[in-house]
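# quick one, structure for this:
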Amino acid sequence: MRKVAWRDDRPAERPARDPEGKAAQDAVSGNGERQVAWKDPPIDPNRKRAWKDAPEETEKKKTGRDHPAGTGTAQKHADGKHAAQKHTDGKHAAQKPAGGKHEARAEKQSRPGHTGKKRRKHLLIAGILFGVIALAGLSVFVKELQAYRKAADYYERLSAFVERDLEPPQSTAAGDGAGTENGAGAEDGTGTQSGGTSGSRFGKVRGSRLDFSNLRRMNPDVAGWLSIPQISFSGPVVWCGNNTTYLDKGFDWTESRNGCPFLAADAASDFSLPYSLIYGRNMHNGTMFGNLDRYRKKSFFEKHPTFLLYTPRQDYECAVFSCYKTEDASEVYRMDWKDAGEYSAFLERIKAASVYDTGVNVFPGDKVLTLSTCGSAYTGGKDRFVVHAVMRRVE
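Now for the predicted structure:
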C-alpha cells in the first residue's frame, strides 16, 4: 500500500519512479516539513495486464451515460440468440450461433411473413418489367400499323387516279387462251407488235389504254401496271436493274415497308423476253402480294382465272396455268433461257408442279409472267409462293 505525506500548505511533488524497482525516497529538510515516501512493488514481466476498466465503466465511457443494472453486459436470451459473454481473463467475446451462417439464414427465412413479403416483392418487380416490355411492344406495333396503312392509302389513291378512265379489255385469244406453239402471237421485241404499229416505250400505242405519262413523271422506273383486284392489289411495277432498291422503297421513293412490286434485275423492262418475273412483298395486312397465296385453292382460281398487266407498249390478260410453293434457289428465278429445248422442258416442269390442274396450256412460243412472294409474311426464310400465267395480248 502506498503512503503519501504532504505539507499542509502545498501538495507534495511526486518524485520520479525508481527504474530499478527499489524503494525511492525523497527527504525534505526538516524545518517542519513532512517527508513523502513510497515503495512500488517489483514488476513481474510474466504477469498479464488485467482489463483496465470494469465493463460498466467501459460502457459508461463509450456512451457517456449510466446504464441500469444488468444492462452493461450482453446477456444470453432465452430464445437462443447471440450473447456476449465475459471471458475469464476479463475480455468480452461474441458467441456465434451453433449452426453457423446457414442456420441463421434459415432462421431468418422461417420468420412469419418473410417468405410472403419476398414473393410479393418479386412479383411486383416482374409485373413492372412486363408492363414496360408490353408498352414498348405495343408502341412498335402501332407504328408499324400506321406505316402499313399510310403505304396502303397511297397505293389506293394512286390506283383510283390511274384507273379512273379504264374499261374492261377484250382479249384477242380464243378458246382457253392457250398460246401458239410457233409463237406467232408474240412481240418481236423491237417496239413493234406483229402486224401492229410502233411507238415509244412510254407512248400510248394501239391496245394500251393506260396513260403512262403521269406515272413516268412520278417515277421514271415505271415499267407496267398490275391489276389483280381478286387479291386486293392494283399498282405500278418498276424496274431499276437490281433486286434490292424497291424492297423498302415505295413508288414515290419514300421509305416503305411495303416496298413496290418490281421486275427481276435480269428481266426486260419492256416485257419483251419470253419469260418475265415480278417480285412483291407478302404483307401480313394483305397489301402488295399478301393475298397471292389465295391461289392455293382451286375454288379461288375458278372464280379468278386471269389478271391484267398494262405496259407502255401493250396490255395483257394473264391466264394462270400453275401455282405452287417453292424455294428462293428454284429454277423459276432463272432468266437466261436461251436454248429453246431447255425452255420448253422448263415450262413443262412448272406446269406439272402446280398444286392443281388449271386446264390452261402453255407452249414455248408463249410469253410467261411469274409472280413471286415470300412464303410467309412473318417468318420470311427461303420459302416462296409463285403463280405462273400466260400473257395474252388484248386490244
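
# please count neighbours and contacts with C-alpha atoms only from this point.
Fine.

# any idea of the mean pLDDT in the longest helix seen in the chain?
When secondary structure is assigned using DSSP state H, the longest helix within the chain turns out to be helix 114-162. For helix 114-162, the mean per-residue pLDDT is 77.

# which strands or helices does the host helix or strand of Arg349 pack on?
Arg349 belongs to helix 340-352 when assigned by DSSP states H and E. Using 3 or more CA pairs under 8 Å, 6 or more residues apart in numbering; DSSP states H and E as the contact criterion, the secondary-structure elements in contact with helix 340-352 are strand 315-327.

# now the angle between helix 340-352 and the strand it packs on, please.
Between the axis of strand 315-327 and that of helix 340-352 there is an angle of 80 degrees, by axes from the mean of the first three to the mean of the last three CA atoms, to 10 degrees.

# quick one: buried residues of strand 315-327?
315-327 (16 or more other CA atoms under 10 Å).

# quick check: end-to-end length of stretch 358-375?
Looking at stretch 358-375, the gap from its leading to its trailing residue is 21 Å under the measure CA to CA, to the nearest Å.

# quick one on the thing from earlier: contacts for whatever helix or strand comes next after the helix holding Arg349, please.
Once helix 340-352 ends, the next helix or strand along the chain (criterion: DSSP H and E) is strand 368-374. Contacts of strand 368-374 from elsewhere in the structure, counted by CA atoms under 8 Å, 6 or more residues apart in numbering, are 274-282, 289-290, 292, 318, 380-391.

# show me the beta-bridge partners of Thr373.
Under the criterion DSSP bridges, Thr373 forms beta bridges with Phe385.

# ok, how many other residues are close to Thr254?
Using other CA atoms under 10 Å, Thr254 is surrounded by 12 other residues.

# let's see the pLDDT reported for it.
With respect to pLDDT, Thr254 has a value of 89.

# remind me which residues of the stretch 1-150 of the chain are low pLDDT?
Low-confidence segments of the stretch 1-150 of the chain, defined by pLDDT under 70: 1-115, 141, 143-148.

# sorry, slip of the keys, the one I care about is the stretch 251-395 of the chain.
Where the stretch 251-395 of the chain drops into low confidence, which here means pLDDT under 70, it does so at 377-380.

# how far away is Ser344 from Lys351?
Shown here: Ser344 relative to Lys351, a distance of 11 Å by CA to CA.

# quick one: which of those two has more around it?
Using other CA under 10 Å, the more surrounded residue of Ser344 and Lys351 is Lys351, with 21 against 15.

# sorry, back to before: and the longest helix of the chain, what does it pack against?
The helices and strands touching helix 114-162, judged by 3+ CA pairs under 8 Å, 6+ apart, are strand 233-238.

# and the next element down the chain from the strand it packs on?
Past strand 233-238, heading to the C-terminal end, the next element that is a helix or strand (DSSP H and E) is strand 262-263.

# next SSE after that next one?
Stepping forward along the backbone from strand 262-263, the first helix or strand reached (DSSP H and E) is strand 275-279.

# what are the contacting residues of the helix or strand just after that following strand?
Note on strand 275-279: by DSSP H and E, the next helix or strand toward the C-terminus is helix 298-303. Counting contacts by CA under 8 Å, 6+ apart, the residues outside helix 298-303 that touch it are Arg294, Tyr295, Tyr356, Thr358.

# tell me the angle whichever helix or strand comes after helix 298-303 makes with strand 368-374.
Downstream of helix 298-303, the first helix or strand assigned by DSSP H and E is strand 306-310. Using the same axes, to 10 degrees, the direction of strand 306-310 lies 100 degrees away from that of strand 368-374.

# just the buried residues of strand 306-310, please?
Buried positions in strand 306-310, judged by neighbour count with 16+ other CA under 10 Å: Thr306, Phe307, Leu308, Leu309, Tyr310.

# ok, the residues you listed vs Leu158, which is closest?
Distance ranking of those against Leu158, using CA to CA, places Tyr310 first at 14.9 Å.

# if I look at the closest one, how far off is Ser354?
Distance from Tyr310 to Ser354, by CA to CA: 26 Å.

# do the same with Val362
Plainly put, Val362 is 13 Å away from Ser354 if you go by CA to CA.

# I figured Asn219 was touching Gly250, is that so?
No: under the contact definition of CA atoms under 8 Å, Asn219 does not touch Gly250, with a separation of 10.2 Å.
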